[in-house]
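Colleague: Please find the sequence and the predicted model below.
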Amino acid sequence: MTRIAILKPDDMNDEQRAVIAASKANGKPYGGPFWAYVRNPKLMQSLHNLADSIADSTLSAREQQIVTLTVARFWGAKYPWAAQCRNGLKVGLTQQEIDAINSRAALPTKDKRELLAHEIAKELLADKGLSDATYATAEATFSTEELVALVARVGSFSMTCCTANAFDITPADDAPDRLKA
């Protein structure tokens, strides 16, 4: 159960109602951690804009989703994990790939960019930086723009996961995927 009250439209001010309406109209998230962000509508809108900017890179949808799931797994963020598993399947990740991230097992893909995106996210989170060897491989594999977008996705989705964890925002009981302990 969430620690923060989920505002009903009658409990919102005009700016909050407007950002929720815009989110719904544009297919943007407005539940989960956004139940907290709606308390600051400018922040919520800025997060949507940031997510759009990061997504508008030449990283593939699969690469981006692998990073996102890796971040949710690292933080043990239940609601973001459940939501992003659905998104992962939509962009072509297999259940086996999602389960591997969940189990912290080797990612079952032969795509070198996807494997490296996963490794960069894991290393950046665990070690709070990238080794010279990882950075050199990343620099040889991704454009600078892509690497910036990848690192930004790790950071921005970490914020989402931290918000979900701080406010104990958990998925519905019927959510299809659960984090492993």
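Modeller: Great, that's in hand. Numbering: from 1, shown residues only.

Colleague: Show me the shaky parts of the protein.
Modeller: Per-residue confidence for the chain (pLDDT under 70) gives these ranges: 1, 175-177, 181.

Colleague: buried ones in the biggest helix by length in it?
Modeller: As assigned by DSSP state H, the longest helix anywhere in the chain is helix 144-166. For helix 144-166, a neighbour-count test (16 or more other C-beta atoms under 10 Å) marks 146-147, 149-154, 156-158, 160-161, 163-165 as buried. Yep, even glycine has a C-beta here, placed from its N, CA and C like the rest.

Colleague: Check stretch 109-121 too.
Modeller: Across stretch 109-121, burial judged by 16+ other C-beta under 10 Å covers 109, 113-121.

Colleague: In helices, which of the residues you listed fall?
Modeller: Among those, DSSP H puts 113-121 in helices.

Colleague: now, the most widely separated pair of these?
Modeller: Taking C-beta to C-beta, the two most distant members of those are R113 and A121; they sit 12.7 Å apart.

Colleague: Need the residues touching each of the two.
Modeller: Jointly contacting R113 and A121 under the rule C-beta atoms under 8 Å, 6 or more residues apart in numbering is no residue at all.

Colleague: what sits against the closest residue to W75 other than its chain neighbours?
Modeller: In space, and not counting its chain neighbours, W75 is closest to C161: 3.6 Å by C-beta to C-beta, 6 or more residues apart in numbering. Shown in contact with C161 (C-beta under 8 Å, 6+ apart): 71-72, 74-75, 77, 80.

Colleague: Closest one of those to A105?
Modeller: Among the contacts of C161, and counting by C-beta to C-beta, the member closest to A105 is F74, at 14.3 Å.

Colleague: what number of residues lie near that closest one?
Modeller: 19 (other C-beta atoms under 10 Å).
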